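In: One predicted model, sequence on top.
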Amino acid sequence: MAGAGRNQSAWLLLAAVLVLFASSTATAQQEQEQNCSSAKFSSDRSFQRCTSLPVLGASLYWTYHAANGTADVAFRAPSDPSGWVAWGINPTSGGSMVGSSVFIASQAGGNGAVSVLMTYLESSAIPSLTNNTLRFAVPVGPAAEYSGGAYTIYATVALPGNRTVQNTVWQAGPLSGGGIASHPMAPANLQSTQKLDFLSGGSQSTGAGATKSRGLLARRNLRGFQG
């Protein structure tokens, strides 16, 4: 009987720990949403959910449309005007930039206008950054702006495979010679991946040294391109 009592106590303790963990997770998610819910957007845009991403000072805002499996997204990250930021989805591999389809915002044209490049990162070698090569549909063309020391990218994406859980990636780096240059190899840049549920808002960090060798976004002349 004493053994049965100890087993029951152990199960009760485990149940209490699980309840506490679930409660703390929910509280953390609520705090994240509160931290980013005060953001304002141009053209009276609004989004149903948001999360403060764990590195690079970035935030993601979105509205998921279950009827057609799309999400309206706004990605915001601090940057100098002479820098670039990027956000995207890797439908096949968590923790890696390779295989990601990304939107890159910058003022690479040199005339102060913000452009958006849509490109697929096919390998860890220096990428071509060829425009319009995303591996998922973009029902509405992207837009971007620079204000208050940050870039904001707006996009509507068809979630790959119609799955609400996706491997998201983001990045930031400098411009050089009128084009996009490689991002830094600082820990934050190597940890900028996260698994996100666009339906529930739940997330899980997948950051690793996935971009180590050369940096996946290397110098590329983008003069004359306007998103």
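Out: Done, it's in. Numbers count the residues shown, from 1 in each chain.
In: pLDDT below threshold where in the chain?
Out: Within the chain, the segments meeting pLDDT under 70 span 1-35, 124-128, 206-227.
In: Can you give the distance of the top strand by length along the chain from its chain's centre?
Out: Ranked by residue count under DSSP state E, the longest strand found in the chain is strand 165-176. With C-alpha atoms, centre = their mean, to the nearest Å as the basis, strand 165-176 stands 7 Å off its chain's centre.
In: Show the subsequent helix or strand relative to that strand.
Out: Using DSSP states H and E, the helix or strand that follows strand 165-176 in sequence is strand 179-180.
In: Which strands and helices lie in contact with that next one?
Out: With contacts taken as 3 or more C-beta pairs under 8 Å, 6 or more residues apart in numbering; DSSP states H and E, strand 179-180 sits against strand 220-221. From N, CA and C alone the C-beta is placed, and that goes for glycine too.
In: if we can go back for a sec, partner strands of the longest strand of the chain, with direction?
Out: On the basis of DSSP bridges, the sheet neighbours of strand 165-176 come out as strand 83-90 (antiparallel), strand 179-180 (antiparallel), strand 193-197 (antiparallel).
In: For that strand, which residues meet the burial criterion?
Out: 166-175 (16 or more other C-beta atoms under 10 Å).
In: can you dump the C-alpha coordinates of that strand into CSV?
Out: Provided in CSV are the C-alpha atoms of strand 165-176 (Å, rounded to 0.1, in the frame of the first residue of the first chain):
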residue,chain,number,x,y,z
VAL,A,165,3.3,24.6,-39.2
GLN,A,166,6.3,25.9,-41.2
ASN,A,167,10.1,26.4,-40.8
THR,A,168,10.5,30.2,-40.9
VAL,A,169,13.8,32.0,-41.4
TRP,A,170,15.0,35.6,-41.2
GLN,A,171,18.2,37.4,-41.6
ALA,A,172,19.9,40.9,-41.8
GLY,A,173,23.1,42.2,-43.3
PRO,A,174,24.9,45.1,-45.0
LEU,A,175,25.0,46.5,-48.5
SER,A,176,28.2,46.9,-50.4
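In: For residue 63, find the nearest of the strands paired with strand 165-176.
Out: Residue 63 sits nearest to strand 193-197 of all these, at 13.7 Å, using C-beta to C-beta.
In: what sits up against the helix or strand just after that closest one?
Out: Counting by DSSP H and E, the next helix or strand C-terminal to strand 193-197 is strand 203-205. With C-beta atoms under 8 Å, 6 or more residues apart in numbering as the contact definition, strand 203-205 has outside contacts at 51, 54, 191, 193-197.
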